[in-house]
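S.K.: Got a predicted structure plus its sequence, pasted below:
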Amino acid sequence: MYSSVKYKTGDAEALADEFFELLHNRMVLKRVPISIPEFLDKNNILAVRFTSDGGQGDVGGVELLYLDDDGIKVLYGNFCYGNLNLNALLHKLPMLKSVYNPRSPNLPYPFGGELDLPSGWVHIYMRFMNYFFVREEICEKADSFIREILNSDNGLFFIFMAVAWFCGAELESKK
């Protein structure tokens, strides 16, 4: 289904080393604001990084790996400290409801309840109420690379960025 994605190729260990070297050289993902989530095609969302309120790090931050007409984009919004309409995004990505329950008496997954994962998605819990969801097809293409990243020191926290890079998302220098 995602045949237009230009995946990195080569040895997984060498790719992971290349990715971490880019991080060391202060490269970051080029982000485009999520302006109107209602207009997103849910079938073109390849991966999601979500930090629930109460989480550590980018509280309320949402990154989407998105297949656009002109390539892979990283879309970003924040529902706590920005103007991202989370309800609109929840309609596109129903699995986020399992990890964001602001008025529920039950704690969100993994502390309580169950993760309701739609068919075709894989979940990696990043700890501290940070969540990574990726399409099974992407996960299969990047399997050995993902394993290399996850087995490295602190790789878990860079999994979204690593998969985005693996799929050809644009990088820019951190200022």
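M.R.: Arrived safely, thanks for sending. Quantities reported herein were computed from a predicted structural model and do not represent experimental measurements. Residues are numbered from 1 along each chain as shown.
S.K.: for the lengthiest helix in the chain, packing partners?
M.R.: Of all the segments assigned as helix in the chain under DSSP state H, the longest by residue count is helix 12-24. Contact here means 3 or more C-beta pairs under 8 Å, 6 or more residues apart in numbering; DSSP states H and E; on that basis helix 12-24 packs against helix 143-150, helix 159-166. C-beta: built from backbone N, CA, C; applies to glycine.
S.K.: Residue 9 is in contact with residue 167, correct?
M.R.: No. Assessed by C-beta atoms under 8 Å, residue 167 is found out of contact with residue 9, at 12.0 Å.
S.K.: Have a look at the two and say which one is more surrounded.
M.R.: A side-by-side neighbour count of residue 167 and residue 9, using other C-beta atoms under 10 Å, places residue 167 first with 23 against 8.
S.K.: which residues sit in contact with the more buried one?
M.R.: Contact analysis of residue 167 by C-beta atoms under 8 Å, 6 or more residues apart in numbering lists 5-7, 46-47, 65, 72, 138, 142.
S.K.: pLDDT-wise, which helix or strand of the chain ranks last?
M.R.: For the chain, using mean pLDDT, DSSP states H and E, the weakest element among its helices and strands is helix 96-99, scoring a mean of 78.
S.K.: now for the next helix or strand after that one, which elements pack on it?
M.R.: Next helix or strand after helix 96-99 toward the C-terminus (DSSP states H and E): strand 121-127. Of the remaining helices and strands, those touching strand 121-127 by 3+ C-beta pairs under 8 Å, 6+ apart are strand 130-135, helix 136-141.
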